[in-house]
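Student: structure, please.
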Amino acid sequence: MKNTVKLQVLAAALLLFYTSSLAASGKAEWNPALDAVMEDIHWLGHDTFRIEYEGKIIYTDPFQLQNPEKKADIIFVTHEHSDHCSPADIEKIRKESTVIIAARLAAEKLQGQVQIVSPREKIEVGGIEVETVPAYNVNKFRSPGVPFHPEENGGVGYILNIKGARVYHAGDTDVIPEMKEIRADIFLVPVSGIYVMTAAEAVEAAGLIKPAIAVPMHIGRHMGTEDDAVYLKKNAGCEVRILPIEE
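Tutor: Presented below is the predicted three-dimensional model:
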């Protein structure tokens, strides 16, 4: 009996040490609840996700939607480029009560209940806590000195609190200094290069953010390949889940 008690005490001490080490490292700890969150995250291609949460249907950057059956309660738009801010696709899923959260230049193109956001804001929409974070280029240029996504354009990424998990949709961005301060459990990360971070840079971003799970995006539809996603899976210091494209 004494030996059993000693083993229980030792196990508890080791668990405490392990969780303390995780807290000190800042790395998100995997737990079974994250699987429940992941089951409600559906990748529709490119940077488009449908997230189902407490009866709400949430979309991010709707683009080239095929035959969407589920209308949106909330739509998040990261920036103004047509493959992220597509009014035609938004109209396919918008209903009168749909709330659209959009960066400033994107909001100018949209109709309905549109709420403009800027980087570094905290808001609540539909009972969901949301943080906006900057999204911009530091080394991807359309011409010398002119980035595809200038910081001054006000593009954003979104951190959504879903079932207690911090889900970070990075938007179109490179690895930026602000990522040193971002913590997320689930990281939806672009990997294609050219306009956004490369797969190798996505590995670097994951090292800064320390998620429990990373999900590659900005691949397919002539932007990035499955090889980019596989590179992230092989090299990121966290679990990487490559989701199938759903309709």
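
Student: how about the residue most central in space within the chain: what's its closest non-neighbour residue?
Tutor: Centroid-nearest residue in the chain, with CA atoms, centre = their mean: His169, separated by 1.7 Å. Distance criterion CB to CB, 6 or more residues apart in numbering; nearest residue to His169, sequence neighbours excluded, is Leu188 at 4.5 Å. C-betas here are computed from N, CA, C, even on glycine.

Student: list the contacts of that neighbour.
Tutor: Residues counted as contacts of Leu188 (CB atoms under 8 Å, 6 or more residues apart in numbering) are Asp47, Phe49, Thr60, Val167, Tyr168, His169, Ala170, Val215, Met217.

Student: how close does the closest residue to Asp47 other than its chain neighbours sit to Arg183?
Tutor: Of all residues not flanking Asp47 in the chain, Asp61 sits nearest, at 4.4 Å (CB to CB, 6+ apart). As defined by CB to CB, to the nearest Å, Asp61 lies at a distance of 22 Å from Arg183.

Student: who has more neighbours, the two?
Tutor: The neighbour count for Asp61 versus Arg183, taken as other CB atoms under 10 Å, is higher for Asp61 (29 against 16).

Student: could you measure from Asp73 over to Leu232?
Tutor: Distance of Asp73 to Leu232, computed by CB to CB: 30 Å.

Student: with neighbour numbers in mind, choose between the two.
Tutor: For the pair Asp73 and Leu232, the greater number of neighbours falls to Leu232 (25 against 21), based on other CB under 10 Å.

Student: does that one belong to a helix, a strand or coil?
Tutor: Assigned with DSSP: H, G, I helix; E, B strand; the rest coil, Leu232 falls in the helix class.

Student: low-confidence ranges, this structure, go.
Tutor: 1-26, 30, 222 (pLDDT under 70).

Student: now the helices for it?
Tutor: Using DSSP state H, the helices of the chain run over 2-25, 32-39, 87-93, 104-107, 199-209, 226-235.

Student: report all helices and strands that the shortest one contacts.
Tutor: Contacts defined by 3 or more CB pairs under 8 Å, 6 or more residues apart in numbering; DSSP states H and E place helix 104-107 against strand 113-117.

Student: relative to the strand it packs on, what are the paired strands and their orientations?
Tutor: Strand 113-117 has the following sheet partners, assigned by DSSP bridges: strand 99-103 (parallel).

Student: CA atoms only: put the partner strand into PDB for me.
Tutor: Extracted C-alpha coordinates of strand 99-103, given in PDB (Å, rounded to 0.1, in the frame of the first residue of the first chain):
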ATOM      1  CA  VAL A  99     -22.800  39.500 -39.600                       C
ATOM      2  CA  ILE A 100     -19.700  40.200 -41.700                       C
ATOM      3  CA  ILE A 101     -16.500  41.100 -39.900                       C
ATOM      4  CA  ALA A 102     -14.000  42.600 -42.300                       C
ATOM      5  CA  ALA A 103     -10.800  44.600 -42.600                       C
END
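
Student: what does it rub up against?
Tutor: Defining contact as CB under 8 Å, 6+ apart, one finds that strand 99-103 is touched by 73-80, 85, 90, 94, 107, 110, 112-118, 123, 125-126, 130, 153-156, 158.

Student: equivalent analysis for stretch 197-210, please.
Tutor: For stretch 197-210, the external contacting residues (CB under 8 Å, 6+ apart) are 25-28, 168, 170, 173-175, 179-180, 182-184, 187, 189-193, 214, 216, 227-229, 231-232, 235-238.

Student: same thing but 7 Å
Tutor: Stretch 197-210 is contacted from outside by 26-28, 168, 173-175, 179-180, 182-184, 187, 189-191, 214, 228, 231-232, 235-238, using CB atoms under 7 Å, 6 or more residues apart in numbering.

Student: thank you, goodbye.
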